[in-house]
Every structure is written in C-alpha cells, then in structure tokens.
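Engineer: Build the 3D model from these lines:
(one chain, ligands or ions: 2)
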Amino acid sequence: MEEPETYTGALERALHISGSEIGGECRVASERARRIRRFLPWAVLLPAALSGCGLIDAPQSMLNPAGPVAQDQLGLIDSSIWVMTLVFVVVAGALLVILLRFRWRGQTELPPQWEGSTRLELLWTIVPFILLALLAVGTVRDSFVLAAPEGKNVLKVNVVGHQYWWSFSYPGTNIVTANELHIPVGQKVELVLTSADVIHAFWIPRLGGKTALVPGRTNIMWIEADQPGTYKGQCAEFCGTGHADMRLLVVAEPPAKFAQWEQQMEHPVVQPTSALAQQGEKYFASEQCSSCHTIGGTSFVGVVGPNLTNLAQRQMIAGNLLPNDAQDLAAWLKDPQAVKPGSLMPNLHLSPDKIKALVAFLQSLKTPAPSGSV
Ligand code: HEC
Ligand SMILES: [Cu+2]
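Structural biologist: Ligands and ions are numbered 1, 2, ... in the order given. Here you go, the predicted structure:
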C-alpha cells in the first residue's frame, strides 16, 4: 500500500524545492505581508478621498446631473455599482474566510481532496445570471428611452463636428451658430449629429452623452436641462491635435429668453458705429476672413470656419477656449495656433492696426434685444 503524501512533500514536489527552503519562502512571504498590511489603509483611503474630487466645483461631472437624460444615465451607473459592490463584498468575503479558515497551521497531512458540487456549480451560475438580468432590464429600458425624444414639443438642432469646433443650426430657421448651443429650459432638444471631417463625440456630462458624430451618417441623441444655466461640454473622441480644446457651452434659458435669442439670431443687425469698427468690416472682406466666415446681416457667407453672427453675444471664442474679450480676440487673430495648437484657422500675419480694427468690428456684432422684452 502507498503511504499518504504529506503536505510538505506535496509542496516540495510542486515548487521543486526542498523542505528546508520552505521555511525561508514563508519568511519572505510574511515580510511581504507586513509591507502590504502597512499599505492597506492607503489603498482604502485614497480611492475614497479621490472619489470626493468629483463633487468639488466640477462643471463637467456626470455625478451631478442637470436633466432627465443625465439622470437616467447616472441611474444606470449607480445600479451597476451597487451590483458590482455586492459581488465584490461576497466574493472577497468568501476569499477572506477561506484564506483564514483553511490556512496552513503546521499540518503534515494533505487536507481532504474533493471535487464537483452540483449545488455550488448551480449557485454560481444562477446568481450571476440573475444579477446580469437585473442590469439588462435597466439598460435595455434606458436604451429605448434615450434613443429618441418622445412627444411633440421637441426642439431640433443639427450639430456638425469640425476639427476643432462645433456648428449648430436650427432647422426651419436661418439660425446658425458655433460652439455655444442655446436651448430652452424644460424642453426636450433632439440633436441630429454628423461630422464634416473625422469622428467626434458630443458630450455634456451634466446633460448627457456621449454620442459619436460620424462623417456620412447621422446619429441622434437628446438632452433637456431642468434649470437655467450654462453647462460645459467637450469632444469625447480623439480627433486630432486640437481635440482637447474642442469644447462647447450649452446655454439653457427660460423659454421667453430663448425666444428673444432666436429673434436676435433670425434678424441680426450689423451696425458698426465707430470709425474703427467700420474699418474692421472692410478688413474682414479684404483679409480673407469673409471667405471662411459667415456673418448674418452682411454679405459675408464663408462656411469653412464658425458662423460669427452676433459673435459679441457669445461668452467664449475658439471652441470655448478663450473668453470673448478684446485682448483674447486680438491674441486669436495674431496667431490662432499659438493660443489653440492645431487650430485650422490660418495665421494671416495681420498688422497690429488691422487686428485692432477687426477686434472693434467683431465686438460690434450684437443685436439689441427687442424693446419690452425680458
Ligand atoms: C481659411 C479659413 C479661415 C480664414 C481665412 C479665417 N478664419 Fe477665422 N476661423 C477659421 C476656423 C477653422 C476657425 C475655428 C478654429 C477653432 O476653433 O479651432 C476660426 C475661428 C475664428 C474665430 C473664433 C470663433 C469661435 O466661435 O470660436 C474668430 C473670431 C475668427 N475666426 C475670426 C476671423 C477673422 C477676423 C479672420 C480674418 C482676419 C478670419 N477669422 C480668417 C477659419 C478661417
Ligand atoms: Cu475631438
């Protein structure tokens, strides 16, 4: 009859080492365990501390939703996190119990060897199935809810992604604008997305996203803002050198204020009053600007670059990178690539005088609000 194999014997065979070395291995292991134990509190505290970062002044945090779409999407994230936490706690707990209860305590006999348990196999097949089914229910339901907005009162906006700026046009009107998307509060807005060049992705973390803008096809997403305010967004698909600066701003306004903005955009008034601004308007035609830019209310109809209608009413320029003030406009016109690397607006090597006049003209591009309005 064969002798039952001893624990040390089995270990020796498995590790190809002799019994005397096993003691050494164990000492190394316990030293390592001590080091890991010292690091453990940090491993637990650090993620907890970092997770707080999302809550401090975070204009682009999807953990702080501002509309029903972002709220639904956060709901999906939350439910997956709860399910995953449950799985983690159960599995890690079981592992811990097994490690502690069945650890080596100097036994020389091999523990009983057994395999195959129909009950356990069923358990860990059925439980994950149920958990995944639970996740699937919410995911499938939200996929349909978020696919397209329901109801009649939906505002449609066409969005075209360009390297490295956004164009927004409102079907049924003459309104075209860039980088700053105006929407009325409390109304569903359907975004019809496509691209003029490469693949981009539309993402406003507090309102919803992300959806790809693919050349040659259209994708649809919708957003709705619960409260008036500005919501920052960002292209979320690497599209070239200027990708990180391809930002956007959503301006959600009460319906009356939005209607007023629509009025101003539909009937822009261009009346540069100062002599400097009038000179700037002439440069706009002579320095090639008009071959790339449209300005509503003028004869400038270029379509290569952003539409500049009522530019002075926008908060930011250059794909929402720079504040829309005289100093930054001048810096932009002097050397676009210096302030926004990769930008496809050429450096036109303008003299300081021309820049001054052009800035005065650009700053005059605003349409007075109709009298008696909000
Ligand atoms: C070859 C085409 C081209 C020419 C010529 C051109 N631009 Fe541009 N312009 C662009 C493009 C493209 C952008 C977008 C750059 C970006 O944000 O990356 C832009 C952006 C701008 C912006 C910022 C708009 C916004 O909403 O962010 C202003 C202002 C502007 N141009 C003014 C001018 C003026 C003034 C001239 C003439 C001196 C001029 N451009 C000449 C293509 C052109
Ligand atoms: Cu991009």
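
Engineer: what ranges of the stretch 251-374 of the chain fall below the confidence cut-off?
Structural biologist: For the stretch 251-374 of the chain, the stretches with pLDDT under 70 are 372-374.

Engineer: show me where it has helices.
Structural biologist: For the stretch 251-374 of the chain, the helices defined by DSSP state H, counting those that start in this stretch occupy 255-266, 275-286, 289-292, 326-334, 336-339, 352-363.

Engineer: The first one: which residues count as buried?
Structural biologist: Which is helix 255-266. Buried residues in helix 255-266, defined by neighbour count with 16 or more other Cβ atoms under 10 Å: 257-258, 260-261, 264-265. (Each C-beta comes from the backbone N, C-alpha and C, glycine too.)

Engineer: Spell out which parts of the stretch 151-300 of the chain neighbour ligand 1.
Structural biologist: For the stretch 151-300 of the chain, the residues found near ligand 1 under the criterion Cβ under 6 Å from any ligand atom are 164-165, 178-179, 242, 284, 287-289, 291-293.

Engineer: Farthest pair within those residues?
Structural biologist: Maximum pairwise distance among these (Cβ to Cβ): 23.5 Å, between G242 and F284.

Engineer: Quick one: neighbours of the residue nearest to L207 when sequence neighbours are not counted, just the number.
Structural biologist: Leaving out its chain neighbours, the residue that sits closest to L207 by Cβ to Cβ, 6 or more residues apart in numbering is I223, at 4.3 Å. Look at I223: counted by other Cβ atoms under 10 Å, it has 27 neighbours.

Engineer: Tell me the spacing between I223 and L213.
Structural biologist: For I223, the distance to L213 equals 15 Å [Cβ to Cβ, to the nearest Å].

Engineer: do the same with W124
Structural biologist: For W124, the distance to L213 - Cβ to Cβ - is 42 Å.

Engineer: Please apply the same query to L191.
Structural biologist: In terms of Cβ to Cβ, L191 sits 10 Å off from L213.

Engineer: what residues do the two have in common as contacts?
Structural biologist: The contact sets of L191 and L213 overlap at 159, 202 (Cβ atoms under 8 Å, 6 or more residues apart in numbering).

Engineer: Domain map for the chain?
Structural biologist: The record's domain parsing of the chain by automatic domain parsing lists 1-51, 64-147, 154-266, 275-363.

Engineer: which residues in the chain form strands?
Structural biologist: With DSSP state E as the criterion, the chain has strands at 154-162, 165-169, 176-178, 180-184, 188-195, 200-204, 208-213, 219-223, 229-234, 247-253, 316-317, 322-323.

Engineer: same for the third one, what does it pack against?
Structural biologist: Just to be clear, that refers to strand 176-178. Under the contact criterion of 3 or more Cβ pairs under 8 Å, 6 or more residues apart in numbering; DSSP states H and E, strand 176-178 touches strand 165-169.

Engineer: what sits up against the strand it packs on?
Structural biologist: With Cβ under 8 Å, 6+ apart, strand 165-169 has contacts from 157-160, 175-181, 196, 246, 248, 305-307, 318-319.

Engineer: do the same with stretch 292-309
Structural biologist: With contacts defined as Cβ under 8 Å, 6+ apart, stretch 292-309 is touched by 165, 167, 174, 176-179, 265, 267-270, 281, 284-285, 289-291, 310-311, 344-345, 362, 365, 367.

Engineer: next one: stretch 316-330
Structural biologist: Outside stretch 316-330, the residues that touch it by Cβ under 8 Å, 6+ apart are 164-166, 179-180, 232, 242, 245-249, 311-312, 314-315, 331-332, 336, 339-340, 343, 355-356, 358-359, 362-363.

Engineer: Repeat the analysis, applying 6 Å as the threshold.
Structural biologist: For stretch 316-330, contacts defined as Cβ atoms under 6 Å, 6 or more residues apart in numbering pick out 164-165, 179, 245-249, 314-315, 332, 340, 355, 359, 362.

Engineer: ok, of these, which one's closest to L96?
Structural biologist: Nearest to L96, judged by Cβ to Cβ, of the contacts of stretch 316-330 is R247 at 46.0 Å.

Engineer: Now do the nearest residue to the closest one once chain neighbours are set aside: how many residues are near it, please.
Structural biologist: Once flanking residues are discounted, R247 sits nearest to N320: 3.8 Å by Cβ to Cβ, 6+ apart. Using other Cβ under 10 Å, N320 is surrounded by 23 other residues.

Engineer: which of the contacts of strand 165-169 are close to ligand 2?
Structural biologist: M246 (Cβ under 5 Å from the ion).

Engineer: circling back: possible to save the buried residues of helix 255-266 as a markdown table with distance to ligand 2?
Structural biologist: Listed next are those as a markdown table, based on distance: Cβ to the ion, whole Å:
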| residue | distance to ligand 2 |
| --- | --- |
| K257 | 30 |
| F258 | 27 |
| Q260 | 32 |
| W261 | 27 |
| Q264 | 29 |
| M265 | 26 |
